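Asker: pasting the structure only:
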């Protein structure tokens, strides 16, 4: 269980087992951030509606030929971007996290009980919990977004970073510079700079914000752990992680971290998962994939045929995606 800060106690009551995990699956950009402690970047309290389990909630019309282009997994829910740009979410829906907005989008990220997506015009939309401003994103144009427990960061189109939501440990105060991608844990984040090196910020109690040297293709984060795929396809981990190299062999191009497990896309587009398999979270299906995203104890992958496969814990329907 993660450490709970006093400022978040009221927000976290009843949700103390949720831990944020994310990965860098595509280019990121951002610029500017708010400093200080507590709430960052002008968030307002209140959360959107919805209760219980979502049965494949979706926004927008779709045709039978539409598939999924990408997927983002949160603690106990996931959202996917269809090839027509509309969104579908499934799994838990206690705070409206599986009730996405209408419109067309290019990418989506999921956190504990909220989600954010990049619209086709580059602006951000967020929904779900908003107790610390995590669902109140800044204005501007973005290429990707990644979500932590109660904060989020996005890569702007100029490659700079912007973060919003909680900021008790500096998690919403990103470094300057230009970035290709980023990933967020509970109260920290790491980004791959355009020169391939890593920068991390926020909590560092277990060394999660002290990345290794070298050049990387992608980075993944969860709770207080992080792992990166080096330019040669090998994996390096730091922080609270005890994860080592994938046991299946083969070079990776990207990876995503869950709770004590990880999944990555290999150069042949198959999935490799390793670590804890108590709930089947490392029993990845066969086939070829565009991307993979790990939640707390489950994972989902967007396949090259446009379908989504999920595996692992299904207590709230998080491994039962809807048909496109």
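Answerer: Happy to help now that I have it. Computed from a predicted structure; not experimentally measured. Numbering: from 1, shown residues only.

Asker: which residues in the protein form helices?
Answerer: Per DSSP state H, the chain has helices spanning 9-12. These are given in chain order.

Asker: how about low-confidence regions in it?
Answerer: 1-20, 22-64 (pLDDT under 70).

Asker: 90 instead, please
Answerer: 1-66, 232, 241-250, 323-324 (pLDDT under 90).

Asker: Identify the bridge partners of the closest residue to residue 107 other than its chain neighbours.
Answerer: Closest residue to residue 107 apart from its sequence neighbours, by Cβ to Cβ, 6 or more residues apart in numbering: residue 118 at 4.8 Å. (C-beta placed from N, C-alpha, C; glycine too.) Beta-bridge pairing for residue 118 (DSSP bridges): residue 107, residue 124.

Asker: Can you give me the neighbour number for residue 118?
Answerer: By other Cβ atoms under 10 Å, the residues close to residue 118 number 25.

Asker: Ok, residue 166 next?
Answerer: 29.

Asker: Verify the stated contact: it with residue 132.
Answerer: Yes: between residue 166 and residue 132 a contact is recorded at 4.4 Å, counting by Cβ atoms under 8 Å.

Asker: before we move on, back to that, the residue nearest to residue 107 and residue 154 touch, don't they?
Answerer: Yes: applying Cβ under 8 Å, one finds residue 118 in contact with residue 154, separated by 7.5 Å.

Asker: which neighbours do these two share?
Answerer: Here residue 118 and residue 154 have 124, 142, 143, 144, 145 as joint contacts, going by Cβ atoms under 8 Å, 6 or more residues apart in numbering.

Asker: List the contacts of residue 66.
Answerer: 82, 83, 84, 86, 306, 324.

Asker: wait, doesn't the fourth one sit right on residue 106?
Answerer: No: in this structure residue 86 lies outside contact range of residue 106 using Cβ under 8 Å: 11.6 Å.

Asker: between the two, which one's more packed in?
Answerer: residue 86 (21 against 18).

Asker: Tell me how many other residues surround residue 69.
Answerer: Considering only other Cβ under 10 Å, residue 69 is surrounded by 20 other residues.
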